[in-house]
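Peer 1: sequence first, then the predicted structure, then my questions.
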Amino acid sequence: MSVGNETVFDALDALSRIVEQDDVRVVALYIEGLERADRFLRIAQRARSRGVRIVVLKAGKSVLGQQATASHTGKIASSHAVYADVLRQAGVVLLNNLAELLSAVEVLAFMAFPRESGDPKGGVSMLSSSGGPPPSWPIT
Amino acid sequence: MSERGLPFAQFEAATAARLEELLPDFARKENPIDLTGQINSVANLFRDSCLAVAADPRTEALVVQHASSGRRYVQEDGEFYKELARKSPVIVSLVGEVLPPNPKGIPGCGGSAVA
């Protein structure tokens, strides 16, 4: 769905409702900017508690992109690094382009969360068809 | 435990016994596992080993690294990985090859894909 210029109904209004739906596992957001980071973080926390993943493609990563965004919706795009940090803290996946966004949606629509074994000997298991890479992985 | 703090599963006895059955003597059967080049001559070696490891309650996520034959195997095994990933995350890494754009059933089209 598109929320246009967000005059009376913004992307977070939509997101807050969508993450409550039982038939939603992943939400993809294309945004040019966010007015209220605190509000977004609360929604992201709620989404995590419900097992809903949020992936974001944000415009304005480059200086040119920030100028284009300003002329489109009038949003003054903050430093991409600020968004990246805030989104990471919120457990949101930030993607770099549309192809990545679509791949993330496809994968997260069916992929499970990591299992919690509750066992101190639990963790990641690796398999390889070659003896070269595996010993190097644990230190990379 | 990796230097970046990623914990590695220590397989349960049943898993270790199953891997002993499946893999040749010269394979490394502890985590991370080296399946060896026998994957090219023993049918289902990759799949059976993945199933054995995924069934271990200590496995919280799976990482599968395909070497130079990766493209062929990943395209054959795409649906298998997707089924595994419904129960726990499966990350597939390809070394030395680039997938063609939009390979059927395989998300991602760069040097690595996540199933």
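Peer 2: Cool, the structure landed.
Peer 1: would you map out the domains in chain B?
Peer 2: Domain segmentation of chain B under automatic domain parsing yields B:1-60, B:61-115.
Peer 1: nearest to residue A:102, of those?
Peer 2: Nearest of the domains of chain B to residue A:102, taken as CB to CB: domain B:61-115 at 8.4 Å. Just so you know, the C-beta spots here come from the backbone N, C-alpha and C atoms, and that holds for glycine as well.
Peer 1: circling back: what's the least confident stretch among the domains of chain B?
Peer 2: The minimum mean pLDDT among the domains of chain B belongs to domain B:61-115 (a mean of 70).
Peer 1: picking up where we left off before, who wins for proximity to residue A:14 among the domains of chain B?
Peer 2: Taking CB to CB, domain B:61-115 is the member of the domains of chain B nearest to residue A:14, at 25.4 Å.
Peer 1: who's in contact with the residue nearest to residue B:29 when sequence neighbours are not counted?
Peer 2: Closest residue in space to residue B:29, ignoring its immediate chain neighbours: residue B:19 at 4.4 Å, by CB to CB, 6 or more residues apart in numbering or on different chains. By CB atoms under 8 Å, 6 or more residues apart in numbering or on different chains, residue B:19 lies in contact with B:11, B:29, B:33, B:49, B:52-53.
Peer 1: just the ones in helices from those, please.
Peer 2: Of the contacts of residue B:19, the ones assigned to helices by DSSP state H are B:49, B:52-53.
Peer 1: how near is residue A:98 to chain B?
Peer 2: 13 Å (CB to the nearest CB, to the nearest Å).
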